[in-house]
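Undergrad: Have a look at this fold, sequence not included:
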């Protein structure tokens, strides 16, 4: 059992990365000067005592990586709240939506159920929101677009349905977006063109349909794009070739058709390209010879034909295509067993 008795002036408490077990003592709320509590990476279990919110000066609370199963502290002045990797259950409490100063909320990897509250847009100070790997259902509320200070948004690995709201395009400070491993449908909003700060977008393993928006080409800071395992149709827009920071482009296992645009060969930072399991046709663009940083290229399970240009990739997969001719294949710094045809 942890005890904090006899420390009336305590304002900073850090006991992380120990082997502490037992429960958080209910008298923790008696230490009125506490500003910072970090009890992460221990074996604490049971409920989070409500008395913790008697700490009116508390601005940072980290209880992550424990075995806590009940309680959801919503202390008025909190700026950072980490409850990730516990065993918390139940819905997100409405009282959470009153924390006007909250900048970081991480409740990922729990057993939280219910839906994302419509009032989530009230938390306008949020910069980091991670609710991934829970059992959250319903749709993403339109009010998410009110979180204009948000830099990281992770809703992956839940049971989210419905479409991506157009209002998400308002998140112009967003750098990281992960909506993967859900059940979302509908198109990718063209308003994504407004995500001018975004570096990483992952929406893989959903049921998205519609086309790849040409407006994605306006995301000049985008370095990672994963839209694999959806139901996207149409062609690959040549505008993607304007994303000059792109290092990973993954759109495998969709319903894409048409030719591979030569503009993809202009992505000089590209090191991973996976267009497999679509219905792409035509030849591999000769501009792919200019992809000198390319390490992984997967074009398998399409309807490509023609000669293969000089390729500098380390691992190449071209199998299950039509009449691929290897006459001009030259793989730089690799072994023959890394080539799959």
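TA: Looks like it arrived, so ask away. Just so you know, these numbers come straight off a predicted model, no measurement behind them. Numbering: from 1, shown residues only.

Undergrad: Give me the nearest residue to residue 281, chain neighbours excluded.
TA: residue 303 (4.5 Å; Cβ to Cβ, 6 or more residues apart in numbering). C-beta coordinates here come from the backbone N, C-alpha and C atoms, glycine included.

Undergrad: so what's the one you found scoring on pLDDT?
TA: If you check residue 303, the pLDDT there is 94.

Undergrad: And for residue 5?
TA: The model reports residue 5 with a pLDDT of 60.

Undergrad: about what we covered before: what's the separation between the residue nearest to residue 281 and residue 220?
TA: Distance, residue 303 to residue 220, using Cβ to Cβ, to the nearest Å: 32 Å.

Undergrad: Look at the two and report which has more neighbours.
TA: Taking neighbours as other Cβ atoms under 10 Å, residue 303 and residue 220 compare with residue 303 leading, 14 against 11.

Undergrad: Would you confirm that that one contacts residue 275?
TA: No: using Cβ atoms under 8 Å as the test, residue 303 is too far from residue 275 to be in contact (11.8 Å).

Undergrad: what are the ranges of the strands in the stretch 151-300 of the chain?
TA: 152-154, 176-178, 185-186, 200-202, 207-208, 224-226, 233-234, 248-250, 255-259, 272-274, 279-282, 296-298 (DSSP state E, counting those that start in this stretch).

Undergrad: helices or strands next to the third one in the packing?
TA: Other elements packing on strand 185-186 under the criterion 3 or more Cβ pairs under 8 Å, 6 or more residues apart in numbering; DSSP states H and E are strand 207-208.

Undergrad: who does the strand it packs on touch, helix- and strand-wise?
TA: Against strand 207-208 (3+ Cβ pairs under 8 Å, 6+ apart) you get strand 185-186.

Undergrad: Mind listing residues that contact the strand it packs on?
TA: 161-164, 206-210 (Cβ atoms under 8 Å, 6 or more residues apart in numbering).

Undergrad: what about burial for these, which qualify?
TA: 161, 163-164, 206, 208-210 (16 or more other Cβ atoms under 10 Å).

Undergrad: Tell me the one of these nearest residue 270?
TA: For those, the minimum distance to residue 270 (Cβ to Cβ) is 22.6 Å, reached by residue 208.

Undergrad: now the closest one, nearest residue through space, not along the chain?
TA: Nearest non-adjacent residue to residue 208 (Cβ to Cβ, 6+ apart): residue 230, at 4.1 Å.

Undergrad: count of neighbours near that neighbour?
TA: 24.

Undergrad: OK, contacts around the residue lying closest to residue 116 once chain neighbours are set aside?
TA: Counting by Cβ to Cβ, 6+ apart, residue 116 lies nearest to residue 141, which is 5.8 Å off, once chain neighbours are set aside. Listed by Cβ under 8 Å, 6+ apart, the contact partners of residue 141 are 116-118, 120-121, 165.

Undergrad: which residue is nearest the middle of this structure?
TA: Centroid-nearest residue in the chain, with Cα atoms, centre = their mean: residue 178, separated by 2.1 Å.

Undergrad: Much appreciated, bye for now.
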